[in-house]
Structures are given as C-alpha cells and as structure tokens.
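> return atomic coordinates for the entry below.
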Amino acid sequence: METKGSSSTPPPPDMHKSPADECVGAVEPQKQSLGRSDGSHDKMDTNIHAAQPDGTSATFRRTPTQSGTKLCGYLNKQGGPLKAWKSRWFAYEEKSCQLFYYRMAQDINPLGKVDLSRATFSYPLQGEEGTFHIQTPERTFILKAANRDAQMYWLQQLQMKRALYREQQAERQSMPKPDNLTVESTPSANCPADFLPMVKTPSGLVGEEAASLPTPGLKSPLNMSIKHPLIELQNTMHSFRNRQSQEIRQSVFHIDDPNVNQKTLSSKTSTLAVPSSGSSQTPESPANAKCEDLQKNNLSTVSQNRKGYKEKFKPLDLDTSRLQHEKLSLAEEVKAQKELVLLLHKVLEDAQLEKRTCAQFLAAEGEQERLELLRHGERRAAELRDHLESLQQENESLRRDLNQRDSHIAELQESVKLLMHKNQAKQEVILKLSEKLAACGEDQHYTNGLETETFKQLTLENEHLKDDLKAYKTQNQYLNSEIYQLTTLWRKSSEQEQSLIVKCAVLEANNCQMESRYLGILQKLLESEELNPEQRDAIKKVIKDAVQADLNTVIKLNPISDYDEYGFKIAIDYKVEDLKLLSKIQALEIRSQNLLNHEECDGPLLARCAQLLFGRPEAELSSSTEMKSLLRTGLPREYRVKFWRFMIQTRTKSVRERHPNRYQDLCENSRTSPHLVPRQIQLDLDRTLTSNQHFSPPSSPMIQKLERVLQAFSWQNPTIGYVQGLNRLAAIALLVLQDEEDAFWCLVVIVEYIMPRNYYTKDLLGCQADQRVLKDLMSEKLPRLTAHLEALKVDVSLITVEWFLVLFVESLPTRILFKVWDAFLYEGIKVIFRYALALFKYREEDILKIQDSAEMYQYLRIFPNTIADGRKLTSIAFNDMNPLPMKLLWNRRGVHLERLHAEIKELENLQKAYKAENVQCKDKELDTLASEDEEEV
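Numbering: from 1, shown residues only. Okay, here's the model as predicted:
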C-alpha cells in the first residue's frame, strides 16, 4: 500500500523528474495490476511480451522489453584509477540514442553518458562472466551484467536501439532508401533474429523491477564518483528532500510483492476493521483520513483474497479434456455463425439492391427509361455471370491445388512412416550395441584405478571443451550479427557520402561554368568598340588577373592531378599571349564537364560492361548490337583493355596462329640489323606526345617500348616502313594496353586492316581521297559552313588531314579521344568521318562569325581541343550525321581515287614533256654556242 500512496502523491513543485522516473511513467497502470494475483501477473506478462516498442512489431519476432518501458537497469562499470567495478544505474534515451548512467535509480543528474549512434558492441570470451564492451570513437566502456543472460539481453537491445535510431535519423533527413530496405526487411532489425535467438527479459535485473531492489554497493566508498562531486551532492540533496517530503519514499520503480501484502493485511484485518473508541479522531484529522483510506483498502484487499482462496480451493478433479472439447466446439460454432452472418449480410445487400432497382423501374416515367434500366440490369447480370465463371474457374484451380497438396501430404506421410521404421530399426541396433558396450564394460572392471582416473579426467576435459565450443559459437553468432549491422550502417553512410559528393561536384561544376561564362563575357566586352580607353584598360587588367591566377586553386575544390588517368595534361598551355584567356576558359569547361560526367562510368556503364563480360573470357566475346552501342558510348578504363584486346585478336587471329612469336622475331631482326631501321624513328621519339607525362622524360621506359614497337613494325611492313604519325598511334596503344606486343598488333590492325590502302605511303594517296570525300559530305550536311569557307578561300583539308592520319591524337581532349578510338577499332574509318563532321557541326555558329582567313586557320587548328561536352559531340556524330553508310564512303573514295590517278598521270606527262622540252632547249643552246665559236675563228 505504500507504493500506491507514494505514486498517488504528486512531487513538490521544486523537484525535477529523473530519467529513472520516466522509465515507469508510461506503465504505471500496469505496475499496479502486477501486484494483485499470480493469474493477472501472468496475463499481463503475456500481453507485454506480445507488444513491441515503437511500433516495430512487424520487424521483430519478439521484443523482450515491455511496451512503453525504457531500457534501464543496474550494471557494473569499470572505472577510476584502480579499475574497480562500480555499480551504476543505466537508462537509455531514445531521442538522442544515448545511455545515461547514475549512481542510483533515484538520482536526477547523470554522472555521464555513452553515445550509441556510432558505437560498436562486443564481449570477451575469457573475461569475467557478464562483461561486455561498448567502443565509441572517444573511449571504450567496460560494463558487467549480473549473468550471461543479462549480458546478451543488453547487447541485443543496444543493437536494436542503435539500428532503430539510425533508421529514424535517415527518415528525418529525407535520405533516399533502396527499394528493398523496408521495415520488415531491415538487416539491422532482423540481424539478431537471424544470427542469434532473442534472449528473454531477465526478471528482476532490468526495467522497473530492478529499481525496486536495493542499490548494489551503496555503502561502499569505492562506489562514489570522484570525478563528479557536485553531481553527487545534488543527487544526495534531491534524495534527502524526497524523504523529507514523504513519510515513506520508495523508488518509483518499486513493485509490491502480493504475497507480502496478503500476509500483512491478514494480520491487521481485525484491528483495522473495528477501530477503538479511544482512538477516535475528527474527520478533518489527516491521521483519521489516512486510517479510513487504509481501512477501505485493507477491506477491499481482504475481500479479493477471500475470492482468491475460494477459487484456489475449488475441486481440482474437473474434466480438462471435456472443457477443451467444449471450447473447440464453441469456437467452431462461433466461426460458423460468423460465416452465416456474413452470408446473410450479402443476401441482404443483394435484396436491397434488387429493391432499389425495382423502385427505380417503377418510378421511371417513360418507356425509354424503363428499357434503359432493363438493359442496365441485363449488363449487370452478364457481369455477374462472368464473375461467377471466373470464380468457378478459380475454385477448380484451388481444388486441383488441394488435390495436389493432398497427394503430396500422402507422399510425405509415407516417407515419414519409412523414416519411422528406419528409426525404429536404428534404435534396435543402438540397444544391441548398448548391451554389447555394457557387457564390455562389465568385462573391463579389472582395469586399475589409474586408468579410471585418466578416463574421468579426459571426460571432464571433453565436457569443458564442449562448453568452450558452445561459448565460442554463441560469441561467433553475436559477432556476426554485429558485423552485419555495422556493414549495413557503413553502406548507408557511404550512400549519404556519395550523395554529398555528387552535390558538391554539381556545385563545383556550376561554379566553373559561371566563371567560364564570366571570362567569355569579358572577352566579348573587350572586343566591343563602344568602350573608352579607361574602360578597356580596366577590362584588360581584370582579364590579366584572371589569366595569371593559379588555375589549381580555382578548379581544385577536390584535390586532383594536373594530368588525367592516362597521363595527359588536362589544360593546354598556349604560347600565344592572346590565347591564354582561351586556355583558362577551356580548362574551366573541361573541369565542369568532368565533374558532371563523373558518374557516367561508375554507374550504368560499368554495370553494362560487367553484364557483357560476365563469365566470359576475352576470346569468347562476340560482336553484337549491345557491344556496338557500348563502344559508341565510350568504355570505362577498367574494361577498355579487355575490349581492345578482343577487337585486335579478332582481326589478327589467323596471322598470330601461323606466327605465334612474330613480334619477338621482328625485334630480334631490328636488334641484329640496326642499320636497316629508319633513322626517322629516333628523331620522332622525343616529339611523341609531349603533353603526356609518360613520354616527356627521354629516359622514360615508355620511350624505349615505343622505339621497339616502331622498329618491329618497320620490319613487319617494309612497303611503308615508317612515316610520321605512326609514333603517335603506337603511343596511344601503349598507354591503353601497356604491353608491347599488344601495342604492336594494334598498330598492325590500324594500318593494315582498318585504314584503306595507300594511306601511309609517301604520296598519301588514300588520305587525299578521304579529304575530298569529307568535303563532299560537308557540302551535303553543312552547306552554310561550306559556302562560308569557300568564300574565305579556306581549304579545310590542310587541317583535317592530320585528324585522319593520326586519328585525332593531340587534337581532341583525352576523354573524347578514347571514345573515338573505342568506336573506331570496332566500326572502322567511318567513325573518323562522323566525328570530323560532328566537330564542324558543334562549332558551326562560331565558325560562321569569323570573317578573316588567317584567323579562320588559327581557329580551326585550336577549336577541337576546346570541346568540353563529349556526350553532345557523340550524339551529333552518331545521330545528326545519319545516314552515313560505309558503302557510300567506299564508292566516293573510288571515284576520287580515279580522279587522283588521272591527275597524277597528267602531272607525270607534264613533267615528261617539260623534261623533253628542257633537253631540246639545251641542245639548241649548245649548237648556237658552237656556231658562234666558228665565226670568231
């Protein structure tokens, strides 16, 4: 009765409510009902365990904590300079995901807290029983529970609290979740159930029941907190004021023992029921009021106890099976009645609908309306017939399924019978073996005591090993659950970090675009003629400051290298002073596009490549539409080597099978006969890819590899030998493939298999023909641009011939260059035509604004390197330039080759005529000189 009186008494206004009070505030009615009788206690316990905290009943199979009750209880905490165990009251706060600890449950101010949101949990197997660790980024807390069950209960509850808090935090931040990350499939929630069974709530060790127990080690001097003397003083004063304000102050977690209350009340019933006349007091007296309340409570309790005794001493020979049978029959009857009620409801609804239809039919004024109602009724009847047929079909399918299941059950029953027979036979065998073993044991009674002692010792060790094995299995299961939860949390954090990185990249790209536009506006403003000299000087100064500013500090919000993944310099350094501003704008645009396209190869493209190569080596790949689309989009660096090797091996398979050591033999020839190797190779080595850091130092290993590849090719194809431009093709192959022999065969594929004949000869006849084909295509697909260039008398072949000879090497940015090569190695030379036309289309409006031929030539040499949007250029090449069949290119190349051959023949005839005429003129001069000498004589 003291608990009831203390719980009904409100606290003084100047007192605060401790976290320990909050643990029971939500379950106070339950706590009062727990102390009435054993039956009600069991019933309430069942209901409590059926409920789940925070509405997560769908997630956990069974939560040990009661509904609305916080996680709290006494634990020993190791601390202090002596590393001694100190008893502390721990209470979990859900809003902040923190575990506060106090000296007692009645304290109001915590001694400290543990942040669980970033903590990990473990326990040592060889340590003291009940010990577990909570590791946070700041420190490690060593705690000890009363036993192993309480230890595992705390660990599992802390795991679930951490997972629920992280999920709630993610929902508050509105972070996107994967589709499979629902409440019922959350790995962190299901983890304890999957790896380790849930531990039951240890009675009397956690929750409000633990608060009613005496504080462990309360009188021990070591239990005092030396670090927090002020908090200890405040808690002591709070406890003292509580005792002073109430007659008997118990913990808010106290639960009355019903047995003790019954004994106390039964001993005091006679004295409290009939109070003496000498002790009469006025109604206003507080003692009298208290006595009356106590008397009423005692009488009600006595009556309840009497009822309990009557129920307790009822005849115990009731027929339990009969009652259970009646209960089942009543349940079936109730179920049948419910089905009958549902059927009657449906019949009533149909009758009401029919009545409503008849009323509408009678209320209709004209024949037309009645006919319409009849038609509606017929349509409704047809729909109902269709629905009935579908239900009948469904019923037949269900019957078939039921028959199949019945047959399956019959098969299973037969198998069970067989297994039972087998089991019975095995048991008989076991009994026989046991009898034999017992007989052998009786025969071996003569063994000495030393052997018996050894056997007992081995048996004991075996039992110990079994216990250790069981403990290790339990620890392994728990650690697996902890690792699984931490992996899930890490994955969510990585997703959030990736999202923030993408946002940062977008913001940085926008910043680069804004700065690029700003510099472009300054350049246009400087070209304006409306500015006075002062304004022009000011703008020049601003442009000069922008050009001289450190580019790295501008474009490197994220630290990156000045070189890309293949070693090419990202921004080109122009030597001309007027083009330095263009270099700055170009660098900003390239940086912006790289940031925006950063996820291009990390997302769907990587998935497509992985799917195409899954489970298949390079030799088993085959040409397909999917591969063609993938190569046009551009390969990720991780897969580029595999696809290039496949395309090279496909074209050179027969040659390499006939000559497996072809490259090694050619290298040996060039080593033994160095005088036959073209000297131009040595001259061009130092001029190869000067903007690439792998080829810039003369002593670089890539230079030596490049020299061997070019020398081997000069022996492979003596007709061509070596011409300028092959060094850049071989260098690109080395950068991607990294292997000398693969780079050699790549060069062979380009020159001998993909490019037309006479492309790399001394007269460049094939390249000249392609330049004329390009002009024809430009006049068809870009007529305005072609007319503008012809008006300025600009010959684009002076610029484009290098594009075709070296396949845009050092003409396009690296990211776009390798896209071109990916598609070129698969589709052939028409890719070069597509990208050449796309470049002019990309900058058509800018080119049309130029009105000077010298400025036009200068712009045409520079503008390909200023292309920043590779996806836009690829879209123009493969979409806007359609149709561009290979047959059309071959036909036009043949026409122009005939014209070139005719022109060459005409030129040769002119040369022969000139030589003949020159010889005749020399003979006439000699004759004239001879005649003059004769006259003088």
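
> show me how the record splits this structure into domains.
Using the TED database, the domain ranges for the chain come out as 70-170+204-209, 661-884.

> pLDDT on the first one, on average?
Regarding domain 70-170+204-209, the rounded mean pLDDT is 87.

> and it, end to end?
12 Å (C-alpha to C-alpha, to the nearest Å).

> got the contact list for T120?
I134, Q135, E482, L486 (C-beta atoms under 8 Å, 6 or more residues apart in numbering). The way it works is simple: take the backbone N, C-alpha and C, and place the C-beta from them, glycine included.

> quick check: phi and psi at the first one.
Dihedral angles of I134 (phi, psi; degrees, to the nearest 10) stand at phi -120, psi 110.

> quick one: secondary structure of the spatially closest residue to it that is not a sequence neighbour?
Once flanking residues are discounted, I134 sits nearest to F141: 4.4 Å by C-beta to C-beta, 6 or more residues apart in numbering. Assigned with DSSP: H, G, I helix; E, B strand; the rest coil, F141 falls in the strand class.

> count the residues that sit near F141.
20 (other C-beta atoms under 10 Å).

> one more: the one 5 residues further on?
The criterion is other C-beta under 10 Å. On that basis, A146 has 19 neighbouring residues.

> next: S493.
13.

> who's in contact with Q738?
V641.

> where does the closest residue to K144 other than its chain neighbours fall, phi/psi-wise?
Nearest non-adjacent residue to K144, counting by C-beta to C-beta, 6+ apart: N76, 4.1 Å away. The phi and psi values for N76, taken as degrees, to the nearest 10, are phi -90, psi 130.

> repeat for the one 3 residues further on
Summarising the backbone geometry of G79 under the convention degrees, to the nearest 10, its torsions are phi -170, psi 180.

> what of the one 10 residues further on?
Reported as degrees, to the nearest 10, the phi and psi values for W89 are phi -90, psi 120.

> ok, it - contacts?
W89 sits next to A20, C72, G73, Y74, Y101, Y102, R103, M104, A105, D107, A211, T215 when contact means C-beta under 8 Å, 6+ apart.

> may I have the beta-bridge partners of it?
Under DSSP bridges, the beta-bridge partners of W89 are Y74, Y102.

> against N692, how distant is it?
68 Å (C-beta to C-beta, to the nearest Å).

> same question, I539
Taking C-beta to C-beta, one finds I539 at 36 Å from N692.

> between the two, which one's more packed in?
N692 (21 against 16).

> if I read this right, the more buried one contacts L735, doesn't it?
Yes: using C-beta atoms under 8 Å, N692 is in contact with L735, at 7.4 Å.

> contact partners of stretch 356-374?
Under C-beta under 8 Å, 6+ apart, the answer for stretch 356-374 is G377.

> if you count neighbours, what's buried in that stretch?
Going by neighbour count (16 or more other C-beta atoms under 10 Å), the buried part of stretch 356-374 is L373.

> enumerate every residue touching S122.
S122 is in contact with F132, H133, Q135, L479, E482, counting by C-beta under 8 Å, 6+ apart.

> how many residues are close by the fourth one?
Close neighbours of L479, defined as other C-beta under 10 Å, add up to 15.

> secondary structure element holding it?
helix 449-527 (DSSP states H and E).

> list the helices and strands that helix packs on?
If contacts are counted by 3 or more C-beta pairs under 8 Å, 6 or more residues apart in numbering; DSSP states H and E, helix 449-527 sits against strand 120-122, helix 148-172, helix 187-195, helix 533-548, helix 551-555, helix 580-596.

> just the angle for the second one relative to helix 449-527, thanks.
This means helix 148-172. With axes from the mean of the first three to the mean of the last three C-alpha atoms, to 10 degrees applied, the angle from helix 148-172 to helix 449-527 works out at 10 degrees.

> which elements pack onto helix 148-172?
Using 3+ C-beta pairs under 8 Å, 6+ apart, helix 148-172 sits against strand 72-79, strand 84-93, strand 120-122, strand 131-135, helix 187-195, helix 449-527.

> in a markdown table, list these along with distance to L774.
Below are the helices and strands packed on helix 148-172 laid out as a markdown table (distance: least, C-beta to C-beta, whole Å):
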| stretch | distance to L774 |
| --- | --- |
| strand 72-79 | 82 |
| strand 84-93 | 74 |
| strand 120-122 | 65 |
| strand 131-135 | 68 |
| helix 187-195 | 59 |
| helix 449-527 | 30 |
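
> by mean pLDDT, show me the worst of those.
Averaging pLDDT over each of those puts helix 187-195 lowest, since it has a mean of 47.

> quick check: next helix or strand after that one?
helix 208-211.

> on that earlier part again, and the angle from the helix holding L479 to helix 533-548?
Using the same axes, to 10 degrees: helix 449-527 against helix 533-548 is 160 degrees.

> what's the local residue count around V542?
Neighbour number of V542 under other C-beta under 10 Å is 15.

> do I have it right that it meets L522?
Yes: between V542 and L522 there is a contact under C-beta under 8 Å: 6.2 Å.

> I'd say F863 and E844 touch.
No: contact criterion C-beta under 8 Å: F863 and E844 do not qualify, at 10.9 Å.

> those two: which is more packed in?
Comparing F863 with E844 by other C-beta under 10 Å, the one with more neighbours is F863, at 19 against 13.

> tell me the contacts of the more buried one?
L839, R843, D846, I847.

> between all of the residues you listed, which two are separated the most?
L839 and D846 (11.5 Å; C-beta to C-beta).

> buried residues of stretch 678-696, list them for me.
Going by 16+ other C-beta under 10 Å, stretch 678-696 has these buried residues: Q680, I681, D684, L685, T688, L689, S691, N692, Q693, H694, F695, S696.

> L111: which of those is nearest?
Q693 (59.8 Å).

> how close does the closest one get to L735?
Relative to L735, and taking C-beta to C-beta, Q693 is found at 11 Å.

> ditto for S797
Relative to L735, and taking C-beta to C-beta, S797 is found at 29 Å.

> which of the two has more neighbours?
Counted by other C-beta under 10 Å, S797 and L735 do not tie: L735 has more neighbours, with 20 against 15.
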